[in-house]
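**Q** Provide a 3D model corresponding to the input given below.
(one chain, ligands or ions: 1)
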Amino acid sequence: MLDFHLHRQQGAFTLDATLKVPARGVTALFGRSGSGKTTILRLIAGLERPDHGHLRLDGECLTGGENDIFVPAHRRRLGVVFQEPRLFPHYSVRGNLRYGMPRALTPAQRQQNQSRLHEMVTLLGIEDLLSRMPGQLSGGEARRVAIGRALLSRPRMLLLDEPLTGLDGARKQELLHYIARLAREIEIPILFVSHDTRELFAVADRLALVDNGRITASGEIGDMLSRLDLAPQTGRFEAGSLLTAEVLSHDDDWQLTRLGLGAGLSLKLARLAMPVGRRVRLRLRARDISIALETPTHTSLRNALPAVIHEIESERGHASAELVLGIAGQRVRARVDRLVCQELGLKVGLGVKALISSVALSGPDVISLDAMDDDIPVVNAAQLSAAQPNATQTDTAQAKAPNDAGSASPAS
Ligand SMILES: Nc1ncnc2c1ncn2[C@@H]1O[C@H](COP(=O)(O)OP(=O)(O)OP(=O)(O)O)[C@@H](O)[C@H]1O
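**A** Numbering: from 1, shown residues only. Sure thing, here's the model as predicted:
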C-alpha cells in the first residue's frame with residue numbers, strides 16, 4: 001500500500017494531494033492538463049521534494065515522518081516511465097535493459113535473466129535494436145526500451161506517466177494488454193497517468209481525479225464512472241458503466257456469446273474470442289441502453305434486463321435525463337429523453353427493463369480480467385516479486401551522478 005499527503009508550491013501552483021493506493025492493481029490519475037499529475041509522480045519517485053507531507057510505501061517512510069526523511073530516487077526501487085524515455089546514452093539498448101536487472105551469481109540465475117530479457121525483447125519487438133545506442137532510436141522505439149527497462153528492474157511499484165504516447169496502434173494495443181495483464185498477475189501497485197480514456201478503461205482498476213493540485217475523489221473505476229456528481233470531471237469518458245461479467249457460453253451457429261452478470265442475469269453480444277469461464281470487464285454506454293416498463297415483444301432488442309432506478313438527474317434546459325440503474329447488484333448509467341422520462345413516469349425505486357442491443361456491444365468493449373491471450377509472454381508474479389535487495393534503478397537512476405553508473409553496470 002502506498003499512502004501519501006504531499007504539499008508543494010510550484011510558482012503560482014499549489015499541490016496538496018492525499019491518496020491511498022492499494023498494494024496491487026492499477027490506479028489511474030486522471031485530470032486536465034496542468035492539474036498536477038506529473039508533479040505527484042515526480043514527488044513519489046523522489047525526483048522532487050515536497051515542502052511538507054509524508055509518503056509511505058508498504059509501511060516504509062520514503063518522505064517526511066518524524067525525522068523528515070527523504071529517500072533518494074535511486075534507493076526507492078520504483079519503476080518509472082515518463083513521457084520522455086531518458087535512456088542512458090552511453091549504454092546500448094541491451095545495456096539499458098540489463099541495467100536494473102538483478103546480478104546473476106549462478107548459472108541458473110543467469111539463465112533466468114536471459115529468458116526474462118528474451119521475453120521482454122520479443123514482447124516489445126526490439127530484437128533488431130539491441131546493439132544500437134539510444135541516439136539511434138526513434139521516439140517510439142526509445143519508449144519501448146524504457147518500458148522494458150522499468151519492468152525488468154523488479155520494482156516495488158510502477159509509475160507510468162503516459163507511457164504509450166508515440167507508439168503506433170498495434171504496438172500500443174499489445175503493450176496495453178501486457179500492462180493490464182501484468183497488473184493482474186503481479187503484487188505491486190501501478191500508478192498510471194494517461195489522457196486516453198480508452199487506455200484507462202483497459203487497464204485501470206481505480207480512478208483518482210486530480211483537479212487544480214488536489215485529489216478530489218478516488219475509488220473503484222466502475223463506481224467512479226457511474227457517479228453522476230463526478231460527471232463534470234469524468235466527462236471525457238463517454239458516459240457509461242463498467243460491469244464485471246463472466247463468459248457463460250458461445251453459440252457458434254449464430255456467432256453470439258452469452259455473458260453472465262450475476263444474479264442469474266445474462267446478456268448476448270457478438271461472439272467473443274474468449275473461453276467459457278473467463279471473467280471480463282464490460283463497458284456499457286449510457287446511450288446504448290433504452291428503458292421499457294415491460295419486456296417488449298416483436299423487437300430486435302434481445303437483452304431485456306430487470307433493473308431498478310436508483311437515481312435520476314433531469315434538468316430543465318437539457319433534452320436528456322441521466323439515470324443510474326441497479327442491475328444484478330451493479331450500477332449502470334442510462335440516458336433517455338427527458339420527455340420519455342416524464343411520459344413513462346420514471347422515478348427512483350421503480351422497476352423497469354433495461355434494453356440493450358447485442359450489436360451495440362463489440363470486442364473492444366470487453367476486457368479480460370483473467371490472464372490475457374496466452375501467446376503474449378509475461379513475467380510471472382514469482383519472478384517479479386522475488387525482488388533482489390540490489391535490484392533497483394529504472395528511469396529514476398537518472399537522478400544519480402554519472403559516475404554512479406559504473407557501480408551498477410548492466411547485469412550479466
Ligand atoms: N518548475 C515549475 N515551476 C513552476 N510551475 C510549474 C513547474 N512545473 C510545473 N509547473 C506547474 O505546475 C502545474 C502542474 O503541472 P504538471 O506537469 O504536474 O501537470 P499535469 O497534470 O501532469 O499536466 P499534463 O497533463 O499537461 O502533463 C502546472 O500548472 C504547471 O504549469
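**Q** Just the C-alphas of the helix or strand hosting Leu191, formatted as CSV.
**A** Here Leu191 sits within strand 189-193, counting by DSSP states H and E. The C-alpha trace of strand 189-193 is given here as CSV (Å, rounded to 0.1, in the frame of the first residue of the first chain):
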residue,chain,number,x,y,z
PRO,A,189,0.8,-1.3,-7.4
ILE,A,190,0.8,0.6,-10.6
LEU,A,191,0.1,4.4,-10.8
PHE,A,192,-0.8,5.3,-14.4
VAL,A,193,-1.3,8.7,-15.9
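**Q** Can you name the next helix or strand after it?
**A** From strand 189-193, the next helix or strand downstream (DSSP H and E) is helix 197-203.
**Q** Pro89 - nearest residue in space that isn't next to it in sequence?
**A** Pro134 (5.3 Å; CB to CB, 6 or more residues apart in numbering). For the C-beta atoms, the positions are set from N, CA and C on the backbone; glycine is no exception.
**Q** could you give me the average pLDDT of the strand holding Leu191?
**A** Averaging pLDDT along strand 189-193 gives 89.
**Q** ok, now stretch 230-241?
**A** In the prediction, stretch 230-241 has an average pLDDT of 80.
**Q** And for stretch 362-375?
**A** If you average the pLDDT values across stretch 362-375, you get 63.
**Q** which element is Gln342 on?
**A** Using DSSP H and E, the secondary-structure element containing Gln342 is helix 338-343.
**Q** by contact count, what packs against that helix?
**A** Applying 3 or more CB pairs under 8 Å, 6 or more residues apart in numbering; DSSP states H and E, we find helix 338-343 packed against strand 320-327.
**Q** if we can go back for a sec, the residue nearest to Pro89 - how many residues pack around it?
**A** Using other CB atoms under 10 Å, Pro134 has 21 other residues around it.
**Q** Then the one 3 residues further on?
**A** Summarising burial for Leu137: neighbours were counted as other CB under 10 Å, giving 18.
**Q** what's the pLDDT at it?
**A** For Leu137, the model assigns a pLDDT of 90.
**Q** Quick check, it in contact with Leu129.
**A** Yes. The pair Leu137 / Leu129 is scored as a contact, 6.5 Å apart, by CB atoms under 8 Å.
**Q** Overlap of the contact sets of these two?
**A** Common contacts of Leu137 and Leu129, defined by CB atoms under 8 Å, 6 or more residues apart in numbering, comprise 93, 145.
**Q** thinking again about what came up before, now do the strand holding Leu191: which elements does it pack against?
**A** Secondary elements touching strand 189-193 (3+ CB pairs under 8 Å, 6+ apart): strand 25-30, helix 37-45, strand 157-161, helix 169-185, helix 197-203.
**Q** give me the element Ser249 is part of.
**A** Counting by DSSP H and E, Ser249 is part of strand 240-251.
**Q** hang on, the earlier thing: save the helices and strands packed on strand 189-193 as a markdown table, and put in mean neighbour count too.
**A** Shown next, in a markdown table, are the helices and strands packed on strand 189-193 (neighbours: other CB atoms under 10 Å):
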| stretch | mean neighbour count |
| --- | --- |
| strand 25-30 | 24 |
| helix 37-45 | 23 |
| strand 157-161 | 24 |
| helix 169-185 | 18 |
| helix 197-203 | 21 |
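**Q** any idea which of these scores lowest on pLDDT?
**A** Lowest mean pLDDT within those: helix 169-185, a mean of 71.
**Q** Can you give me the buried ones in the helix holding Gln342?
**A** Neighbour counts over helix 338-343 (16 or more other CB atoms under 10 Å) mark 338, 341 as buried.
**Q** Could you chop the chain up by domain?
**A** 2-238+380-408, 240-368 (automatic domain parsing).
**Q** mean pLDDT lowest for which of those domains?
**A** Least confident of those, judged by mean pLDDT, is domain 2-238+380-408 with a mean of 81.
**Q** Skipping adjacent residues, who's closest to Arg76 in space?
**A** Nearest in space to Arg76, with sequence neighbours left out and distances taken as CB to CB, 6+ apart, is Gly46 at 5.2 Å.
**Q** quick one: contacts for that neighbour?
**A** Gly46 sits next to 62-63, 70-73, 75-76, 78, 396, 399 when contact means CB under 8 Å, 6+ apart.
**Q** Same check on Met224?
**A** By CB under 8 Å, 6+ apart, the contact list for Met224 reads 206-207, 209, 217-218, 230, 234.
**Q** Take those residues and keep only those in strands.
**A** Using DSSP state E, the members of the contacts of Met224 that fall in strands are 206-207, 209, 217-218.
**Q** would you say Val348 is within a helix?
**A** No. Going by DSSP: H, G, I helix; E, B strand; the rest coil, the assignment for Val348 is coil, not a helix.
**Q** picking that back up, quickly run through the sheet partners of the strand holding Ser249, with directions.
**A** Strand 240-251 sits in its sheet next to strand 256-262 (antiparallel), strand 279-285 (antiparallel), going by DSSP bridges.
**Q** so which of those strands gets nearest the ligand?
**A** Minimum separation from the ligand across these (CB to the nearest ligand atom) falls at strand 279-285, 23.4 Å.
**Q** Next, the buried residues of stretch 216-231.
**A** The neighbour-count check on stretch 216-231 (16+ other CB under 10 Å) flags 217-218, 221-227, 230 as buried.
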